[in-house]
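Engineer: Dropping the sequence and predicted coords here.
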Amino acid sequence: MTMKTTITMKTITRVAGLACLVSNLGCGDTPGNADEVGGTQESSTTQDSGTEVGNETGSGTAESSDSATTTTTATTDATTDATTSDSAESGPQTKFDIGTVPDTGFMNCGGGDSEFSYLWAANSDQGTISKIDTKTVTEVGRYIVRPDSAGSPSRTSVSLSGNVAVANRNGGVTKIYANPDNCEDTNGTPGIQTSNSAAFLAWGQEECVAWHAPFGYQSQRPVAWTRGEFNQGTCQYDNEEVFTSGNNANGHIDILVLDGDDGSVTEMIQIPTGPNTLDDDYFGIYGGAVDGDGNFWGTQLGGERMVKVNRADMSYDIIHTPGYGSWYGMTVDSDGMVWLCSDTVARYDPMTQSWAQASVGGYTGCMADASENGLLWASTGSGVVGVNRDTLQVEKSCPGNGSYGVSIDFEGYVWAVAYGSLATKWDPVTCQSWSYNGLVGAYTYSDMTGYALSNVGTPSG
């Protein structure tokens, strides 16, 4: 089954003050004051934050605050309520090869040790996302991601340049620069004003928000960067794109490609819903990831079909999944295998078009370690399990605090963001853990560090 519809339209709201070209939300001002959010870092076991499956309601609430506006610059030291962790010295001794030559977002041009690594967690109830330093387990920035703060952000995706894109459940995608050196002085105050802690700035004052693309969907969940092309001359990635999907339950589901530089829609297809294609439900596409060729894979919550969008011509294929009916998280690994995760995991081989599955006691999200004999790490709700990617047997179990979304950082540590306030980091060998407890209604289980994209592969027969 193949359908192709190509459109070109501008749907970009420039934070620099340009007019909205296409928007169902308008470009109005939003909360004026920064909201101080406390956070703490804890070692080993802390109290469970109380995760809950099935909390996707399609709505979110934004918190307001009367606290004084906090303005910080790129040269101001980051301040949080968290203490410094020594985890970088006590964890895995072997750093994982990320298989690319990222620019200053992750590495010096030409290779070398990672300069910094961030995990981006969506504070769904607050309408913000948090930037967590994975080495120190501290929050070093927080950002509103829709002009009205009511987008209910969920999935985050990190590009090979280190920048993040976040999809709002209630419509809209926003890009934020990781490196303040890339931010533009646009708000009329000299210097770069940007958050460097759990305190966030008002929309229009924060200058590290690169762009916001508004959409009028009732449900917009997935977001996934493509790899782009590494430019050896500039040590930067060119032609980075963002896949996203939106749904209005009107007989079709939209899958869009956004220009990574400005957020404009460059291509879109509409996949009809119904028998033998995608389910006509509220959520539409629920989870999404790209493979090494830049193709998009999308799954539905509880559905029994998966879609592959071929980036070369925007044609698509509908693939039937095992009759489990409750898939939640998904990822593509370094071998190009597509994984669906819940308490059961399923592995799809695109070359043989075959499935393998096993019950692993999982919960929601998952991500695959790209090192030799690397495991698939999956949430259990109160920790993580490591699953052998060949045999699908559980080889490691690390208990801890609440867990929902799972990610891996560039030193090989395993992370889980709980539904609530907690982000936890585990040593995959010893299961020692460190936690940051300062998030607000957090809900993220996509490629929130960029590790999966850096290692994503293409299957070979």
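Structural biologist: The structure has been received and is ready for your questions. Computed from a predicted structure; not experimentally measured.
Engineer: which residue of this protein sits farthest from its center?
Structural biologist: What lies farthest from the middle of the chain is residue 190; by CA atoms, centre = their mean that is 31.6 Å.
Engineer: before we move on, what SS does it have?
Structural biologist: coil (DSSP: H, G, I helix; E, B strand; the rest coil).
Engineer: would you list every one of the strands in the stretch 301-450 of the chain?
Structural biologist: Secondary structure of the stretch 301-450 of the chain (DSSP state E, counting those that start in this stretch): strands located at 305-310, 315-320, 329-332, 338-341, 344-349, 354-359, 366-368, 375-379, 383-388, 394-399, 405-408, 414-417, 420-426, 433-442.
Engineer: I'd like to know which of the ones you listed is closest to residue 245.
Structural biologist: Closest approach to residue 245 among those (CB to CB): strand 305-310, 9.1 Å. For glycine as for every other residue, the C-beta is placed from the backbone atoms N, C-alpha and C.
Engineer: helices or strands next to that closest one in the packing?
Structural biologist: Using 3 or more CB pairs under 8 Å, 6 or more residues apart in numbering; DSSP states H and E as the contact test, the elements touching strand 305-310 are strand 296-299, strand 315-320.
Engineer: buried ones in the longest one?
Structural biologist: If you call a residue buried by 16 or more other CB atoms under 10 Å, then strand 315-320 has these buried ones: 316, 319.
Engineer: I'd like the distance from that strand to the chain centre, please.
Structural biologist: Here strand 315-320 is found 23 Å from its chain centre; the criterion is CA atoms, centre = their mean, to the nearest Å.
Engineer: quick one: that strand to strand 354-359, angle?
Structural biologist: 50 degrees (axes from the mean of the first three to the mean of the last three CA atoms, to 10 degrees).
Engineer: what are the pairing partners of strand 315-320, and which direction each?
Structural biologist: strand 305-310 (antiparallel) (DSSP bridges).
Engineer: rewinding a little: quick one: the strands of the stretch 301-450 of the chain as CSV, columns for mean pLDDT and distance to residue 454 too.
Structural biologist: Conversion of the strands of the stretch 301-450 of the chain to CSV gives the following (pLDDT from 0 to 100; distance: least, CB to CB, whole Å):
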stretch, mean pLDDT, distance to residue 454
strand 305-310, 96, 21
strand 315-320, 96, 25
strand 329-332, 94, 12
strand 338-341, 96, 17
strand 344-349, 95, 20
strand 354-359, 95, 25
strand 366-368, 97, 12
strand 375-379, 97, 16
strand 383-388, 97, 20
strand 394-399, 97, 22
strand 405-408, 96, 10
strand 414-417, 96, 15
strand 420-426, 96, 18
strand 433-442, 96, 22
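Engineer: can you redo the ones you listed as TSV with distance to residue 227?
Structural biologist: Converted to TSV, these look like this (distance: least, CB to CB, whole Å):
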stretch	distance to residue 227
strand 305-310	15
strand 315-320	20
strand 329-332	12
strand 338-341	17
strand 344-349	20
strand 354-359	26
strand 366-368	17
strand 375-379	21
strand 383-388	25
strand 394-399	29
strand 405-408	17
strand 414-417	22
strand 420-426	26
strand 433-442	27
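Engineer: Indicate which one of those strands is closest to residue 139.
Structural biologist: strand 433-442 (5.8 Å).
Engineer: And that closest one, how far out from the chain middle?
Structural biologist: 16 Å.
Engineer: burial count for residue 263?
Structural biologist: 23 (other CB atoms under 10 Å).
Engineer: same deal with residue 169?
Structural biologist: Residue 169 has 24 nearby residues by other CB under 10 Å.
Engineer: just residue 272 next, same as before
Structural biologist: Around residue 272 there are 12 residues (other CB under 10 Å).
Engineer: I figured it was touching residue 279, is that so?
Structural biologist: No: using CB atoms under 8 Å, residue 272 is not in contact with residue 279, being 11.3 Å away.
Engineer: ok, back up a step: to residue 150, which of the helices and strands packed on strand 305-310 lies closest?
Structural biologist: Comparing the helices and strands packed on strand 305-310 by CB to CB, strand 296-299 comes nearest, at 25.1 Å.
Engineer: Can you get me the centre-to-centre distance for that closest one and its chain?
Structural biologist: When distances are taken as CA atoms, centre = their mean, strand 296-299 is centred 14 Å away from the chain's centroid.
Engineer: now stretch 259-276
Structural biologist: Distance, stretch centre to chain centre, for stretch 259-276: 18 Å (CA atoms, centre = their mean).
Engineer: Next, the distance between the ends of that stretch.
Structural biologist: Using CA to CA, to the nearest Å, the end-to-end distance of stretch 259-276 comes to 31 Å.
Engineer: And for stretch 227-243?
Structural biologist: Terminal residues of stretch 227-243 are spaced 11 Å apart (CA to CA).
Engineer: Buried residues, that stretch. List them.
Structural biologist: Across stretch 227-243, burial judged by 16+ other CB under 10 Å covers 227, 228, 230, 236, 237, 240, 241, 242, 243.
Engineer: what comes up buried for stretch 364-375?
Structural biologist: For stretch 364-375, by 16+ other CB under 10 Å, it's 364, 365, 366, 367, 368, 369, 370, 371, 374, 375.
Engineer: Dump it to CSV, restricted to CA.
Structural biologist: Coordinates of each C-alpha in stretch 364-375 appear next as CSV, following Å, rounded to 0.1, in the frame of the first residue of the first chain:
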residue,chain,number,x,y,z
THR,A,364,6.7,1.2,28.9
GLY,A,365,9.9,2.6,27.3
CYS,A,366,13.1,1.0,26.0
MET,A,367,16.4,1.8,24.3
ALA,A,368,19.2,-0.4,23.0
ASP,A,369,22.8,-0.2,24.1
ALA,A,370,25.0,-0.1,20.9
SER,A,371,28.2,-1.6,22.4
GLU,A,372,29.3,-5.1,21.7
ASN,A,373,26.8,-7.5,23.3
GLY,A,374,24.8,-4.4,24.3
LEU,A,375,21.4,-5.0,26.0
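Engineer: one step back: inside strands: which ones of the buried residues of stretch 227-243?
Structural biologist: 230, 236, 237, 241, 242, 243 (DSSP state E).
Engineer: Find the residue closest to the fourth one in space, skipping its chain neighbours.
Structural biologist: It refers to residue 241. Closest residue to residue 241 apart from its sequence neighbours, by CB to CB, 6 or more residues apart in numbering: residue 226 at 4.5 Å.
Engineer: where does this protein dip in pLDDT?
Structural biologist: 1-115, 324-325, 461 (pLDDT under 70).
Engineer: which residue is nearest the middle of it?
Structural biologist: residue 156 (2.2 Å).
Engineer: Beta-bridge partners for it, please?
Structural biologist: According to DSSP bridges, beta-bridge pairing links residue 156 with residue 166.
Engineer: thinking again about what came up before, farthest pair in the buried residues of stretch 227-243?
Structural biologist: 236 and 243 (20.7 Å).
Engineer: before we move on, back to that, can I get the buried residues of stretch 364-375 in CSV including distance to residue 343?
Structural biologist: Shown next, in CSV, are the buried residues of stretch 364-375 (distance: CB to CB, whole Å):
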residue, distance to residue 343
364, 9
365, 12
366, 11
367, 17
368, 18
369, 20
370, 24
371, 25
374, 21
375, 17
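Engineer: Brilliant, that's me finished.
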